[in-house]
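>>> A predicted structure for the sequence below; I have some questions about it.
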Amino acid sequence: MESEVDALSKSDTMGSEEKKLVKDRKRKKEKAAKDGIEGKDRKKKPKRVSFAENVEVFPPLDGPSEEDGSKDREEDSSKDRDLVRGKKFSKEEDELVKQAVYKYIEAHDLGEDGLKMVLNCGSYREARNCWKEIGANLPWRPTESVYHRAHLLFERSENRTWTPEECELVRKFHEQHGSDWRKLADALGRHRFHVKDTWRRIKLPFKKGPWSQEEYQRLFDLVNMDLRMKATEERKSKHGMLLDNIAWGAISDSLGSRNHAVCCEKWYKQLTSSMVAEGSWADTDDYRLLSALVDLDACAMEDVDWDRLIEGKSGELCRKRWYQMVKYIGNYWIKPFPVQVEILSERYCPDMLEPREIYANKPKVS
């Protein structure tokens, strides 16, 4: 009798253990199904095989190897380097951009509102991610460049000139609505960039013609201030298109008499030496030159030993750069040498040497 009871109790115990195992398996299966991981869909993990102290890692059989991954990354990097950046679109490229947009509209049957949907793709589900497909028609250009060029081509007005009535409309719109240029651009049938540029011309009636000495000094002061601030920031370089990342828009606003394009052109084409592009002179050499002349306190050019003025620079280079600088002093030929040095030292401030060197030596960050 006792043996039968023991047997029954043992069978009950084994039955409960089996039930528990079944429940555990079921629970794990349900959890795996909930997490979206079932049977074959489970992600294969690398297998680690250990031999003594050496460990070798084997990737999944159906997954890419590290070597393949590095090759793909190198190919992507190479393709990115080969893209045309910062170069004006040709007429042929403009035509290709237009054809690519119309082709996309036709292929996806977007109808009469297709152009509006493509240009405002973020607001229309049917046209989302359209620029990747459109940009593929110009594989040598970044997709972002194709996007901006298409907007310019389709949104700019055929009539490039602005009437006094339109300028007045821009002025009144800004008084009432602020800088919502997209809204006004849609109403006028123009690109928002052109509307913004028109506002800048209205706000600041820019001068034309020769620069005054006050404008030169003010430009130097503003650029020097901007470069001082850059010394504490990362040296960002968008594929080499920007030289010093100088905020020409803000400088133009502060100067008040010249637009940003004129300020930029004046700085790089006239006030910056052509020897910089040739590689025989550096921007920081301007500050070294003035610093050395201020310390020397010479009474005339003939008193200066130009060959020993800057280490590593010949006297011929130093004199050539001096003549380039002094040209932009009003009536420089009647001013004595010490006065010329004093005027230029206020523009090429010697204490700017350190922040300019700090910025120039920083690694570029894309």
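Received the coordinates, thanks.

>>> make it CA atoms for all contacts and neighbour counts henceforth
Fine.

>>> Which stretches in the protein count as strands?
Using DSSP state E, the strands found in the chain span residues 47-51, 54-58, 235-236, 364-365.

>>> ok, of these, where does mean pLDDT dip lowest?
Here the lowest mean pLDDT among the strands of the chain goes to strand 54-58, at a mean of 47.

>>> What residues does Thr198 make contact with?
Counting by C-alpha atoms under 8 Å, 6 or more residues apart in numbering, Thr198 touches Cys167, Val170.

>>> again, only using 7 Å
Not one residue lies near Thr198 by C-alpha atoms under 7 Å, 6 or more residues apart in numbering.

>>> Quick one: low-confidence residue ranges for the stretch 251-366 of the chain.
Along the stretch 251-366 of the chain, the model assigns pLDDT under 70 to residues 364-366.

>>> please redo it, this time with the cut-off set to 80
350, 356, 358-366 (pLDDT under 80).

>>> residue ranges for the helices of it, please.
260-265, 274-278, 283-296, 315-326, 337-347, 353-360 (DSSP state H, counting those that start in this stretch).

>>> do the same with the stretch 101-250 of the chain
Going by DSSP H, counting those that start in this stretch, the stretch 101-250 of the chain shows helices at 114-119, 130-135, 143-155, 164-177, 181-188, 192-203, 213-230, 248-255.

>>> May I see the buried residues of the first one?
Spelled out, it's helix 114-119. Across helix 114-119, burial judged by 16 or more other C-alpha atoms under 10 Å covers Gly114, Leu115, Met117, Val118, Leu119.

>>> which one among those gets closest to Leu317?
Relative to Leu317, the closest of these is Leu119; by C-alpha to C-alpha it sits at 52.8 Å.

>>> For Glu278, see how far away the closest one is.
Applying C-alpha to C-alpha, to the nearest Å, the value for Leu119 to Glu278 is 43 Å.

>>> what do you get for Glu133?
41 Å.

>>> go on, Tyr102?
Tyr102 sits 45 Å away from Glu278, going by C-alpha to C-alpha.

>>> Please say which of the two ends up with more neighbours.
Neighbour count, other C-alpha atoms under 10 Å: between Tyr102 and Glu278, Tyr102 has more, with 16 against 9.

>>> Once you drop chain neighbours, what's closest to that one?
Distance criterion C-alpha to C-alpha, 6 or more residues apart in numbering; nearest residue to Tyr102, sequence neighbours excluded, is Leu115 at 7.8 Å.

>>> Need the per-residue pLDDT for that neighbour.
On the pLDDT scale, Leu115 is placed at 86.

>>> Under the pLDDT cut-off, which ranges of the stretch 1-150 of the chain? List them.
1-82, 85-86.

>>> switch to 50 and redo it
Confidence mapping of the stretch 1-150 of the chain against pLDDT under 50 gives the ranges 1-11, 13-14, 37-43, 49, 51-52, 55-64.

>>> Next, give phi and psi for Arg128.
With angles defined as degrees, to the nearest 10, Arg128 sits at phi -70, psi 140.

>>> try the one 10 residues further on
Phi and psi for Leu138, reported as degrees, to the nearest 10, are phi -130, psi 70.

>>> so who does it touch?
Counted by C-alpha under 7 Å, 6+ apart, Leu138 has zero contacts.

>>> Next, work out how far apart it and Ala100 are.
Remark: distance between Leu138 and Ala100 (C-alpha to C-alpha) = 9 Å.

>>> got it, and Arg27?
Taken as C-alpha to C-alpha, the span from Arg27 to Ala100 is 54 Å.

>>> same question, Asp186
23 Å.

>>> which of the two has more neighbours?
Using other C-alpha under 10 Å as the criterion, Asp186 and Ala100 rank with Ala100 on top: 20 against 12.

>>> how about the nearest residue to that one, chain neighbours excluded?
Closest to Ala100 by C-alpha to C-alpha, 6+ apart is Ile134, at 5.5 Å.

>>> Surely the one you found is in contact with Lys103?
No - contact between Ile134 and Lys103 fails when scored by C-alpha atoms under 7 Å: they sit 8.4 Å apart.

>>> the more surrounded of those two?
Taking other C-alpha under 10 Å, Ile134 and Lys103 do not tie; Ile134 has more neighbours (25 against 13).

>>> quick one: which of the helices of the stretch 101-250 of the chain is nearest Leu353?
Nearest to Leu353, of these and by C-alpha to C-alpha, is helix 213-230 at 9.8 Å.

>>> Could I get the buried residue list for the closest one?
Neighbour-count burial for helix 213-230 [16+ other C-alpha under 10 Å]: Tyr216, Arg218, Leu219, Phe220, Asp221, Leu222, Val223, Asn224, Asp226, Leu227, Arg228, Lys230.

>>> Stretch 298-314 now?
Quick answer for stretch 298-314 (16+ other C-alpha under 10 Å): Trp306, Leu309, Ile310.

>>> distance between the ends of stretch 291-303?
16 Å.

>>> before we move on, what about stretch 115-130?
Stretch 115-130: ends 11 Å apart by C-alpha to C-alpha.

>>> roughly how far is that stretch from the heart of the chain?
For stretch 115-130, the distance from its own C-alpha centre to the chain's C-alpha centre is 24 Å (C-alpha atoms, centre = their mean, to the nearest Å).

>>> And for it, what's in contact with it?
Against stretch 115-130 from outside (C-alpha under 7 Å, 6+ apart): His151.
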